[in-house]
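Peer 1: Here is a sequence together with a model predicted from it:
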Amino acid sequence: MERTIPRFIFLKMGNYGIEIAGKTVRVDVLDSADLINSRIVNDLFPKLPKESPVIGLDLHSRKNGCCGRSTNSLLVLCIEDYCLVVQLKYVDKIPGYLKRFLDDEKICFVGVDVDRRLSRGIRIPRSSRSPLVCKTAVDLSDLAARIRKKPSLLNSDLEALAKEVDVSCEPATSGGFFAPRVNHKARVFSGDEVKALVREPYLCYKIGQSLVGSLE
């Protein structure tokens, strides 16, 4: 008989308060389709502005063995002071509201190297259904180069893009936050590991929001 942790306990266990660049970011790390749907409905959708919504996105994958195909393990979505980490490896079915959220072509999803990371879609390893597709995901450096009309920004790193739009960016090394190696297939993460997972997509959201906002 499969045993599950009660919902009200699980929600509190998977919640983290992470500080990034002087801001406290609330993070939920979840592997239940029902709880993921709940957080999307109650936390992500309500935070979307009516005009020009931006979401920071990251997809982590790991190869199965030395020559095996990559398996999606974690999907991270960030907006305002909130990030949702979806443990794709442990989700037994596609959360309906996650599909609806990613299908929304009014949202600009921004991330690093998204063309490569999303080239095969977002797969739920335990589900036999087709992978999720995010048609409006764009590479942050490409977006910055086009909006600022600066070809030199193409392939720029996160720190350079943050400086371009005057967004505070805590360095990942050299006296700033030292990101630990994270086992993306783990069931439980430490606070520092969660920070390492969400730092990039959170900053992508902040930078992307500033870029898109400059068009208005």
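Peer 2: Yep, that arrived.
Peer 1: Give me the helices and strands touching the biggest helix by length in the chain, please.
Peer 2: Secondary structure of the chain per DSSP state H: the longest helix is helix 191-213. When contacts are defined as 3 or more C-beta pairs under 8 Å, 6 or more residues apart in numbering; DSSP states H and E, helix 191-213 packs onto strand 15-20, strand 23-30, strand 54-63, strand 70-79, strand 82-87, strand 108-111, helix 140-148, helix 158-164. No exception for glycine: its C-beta is placed from N, CA and C like everyone else's.
Peer 1: Helix or strand next in line after the shortest one, which one?
Peer 2: So the one you mean is strand 108-111. Using DSSP states H and E, the helix or strand that directly follows strand 108-111 along the chain is helix 114-117.
Peer 1: Tell me the buried residues in that following helix?
Peer 2: V114, R117 (16 or more other C-beta atoms under 10 Å).
Peer 1: Quick one: distance of that helix to the chain centre.
Peer 2: In terms of C-alpha atoms, centre = their mean, to the nearest Å, the centre of helix 114-117 is set 13 Å apart from its chain centre.
Peer 1: Do me a favour and average the pLDDT over the longest helix of the chain.
Peer 2: Mean pLDDT, computed over helix 191-213, is 94.
Peer 1: and the angle for it with strand 54-63?
Peer 2: If you take axes from the mean of the first three to the mean of the last three C-alpha atoms, to 10 degrees, helix 191-213 sits at 140 degrees to strand 54-63.
Peer 1: buried ones in helix 191-213?
Peer 2: Across helix 191-213, burial judged by 16+ other C-beta under 10 Å covers 193-212.
Peer 1: Please save the CA atoms from stretch 104-117 in PDB.
Peer 2: Presented in PDB, the C-alpha positions along stretch 104-117 are these (Å, rounded to 0.1, in the frame of the first residue of the first chain):
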ATOM      1  CA  ASP A 104      -0.200  30.700 -22.800                       C
ATOM      2  CA  GLU A 105       1.400  32.600 -25.700                       C
ATOM      3  CA  LYS A 106       0.700  35.900 -24.000                       C
ATOM      4  CA  ILE A 107       3.500  35.100 -21.600                       C
ATOM      5  CA  CYS A 108       7.200  35.700 -22.400                       C
ATOM      6  CA  PHE A 109       9.200  33.000 -20.800                       C
ATOM      7  CA  VAL A 110      12.900  34.000 -20.600                       C
ATOM      8  CA  GLY A 111      15.900  31.900 -19.700                       C
ATOM      9  CA  VAL A 112      19.500  31.000 -20.600                       C
ATOM     10  CA  ASP A 113      20.200  28.700 -23.600                       C
ATOM     11  CA  VAL A 114      16.500  27.900 -23.900                       C
ATOM     12  CA  ASP A 115      16.800  26.700 -27.600                       C
ATOM     13  CA  ARG A 116      19.000  23.800 -26.500                       C
ATOM     14  CA  ARG A 117      17.400  23.100 -23.200                       C
END
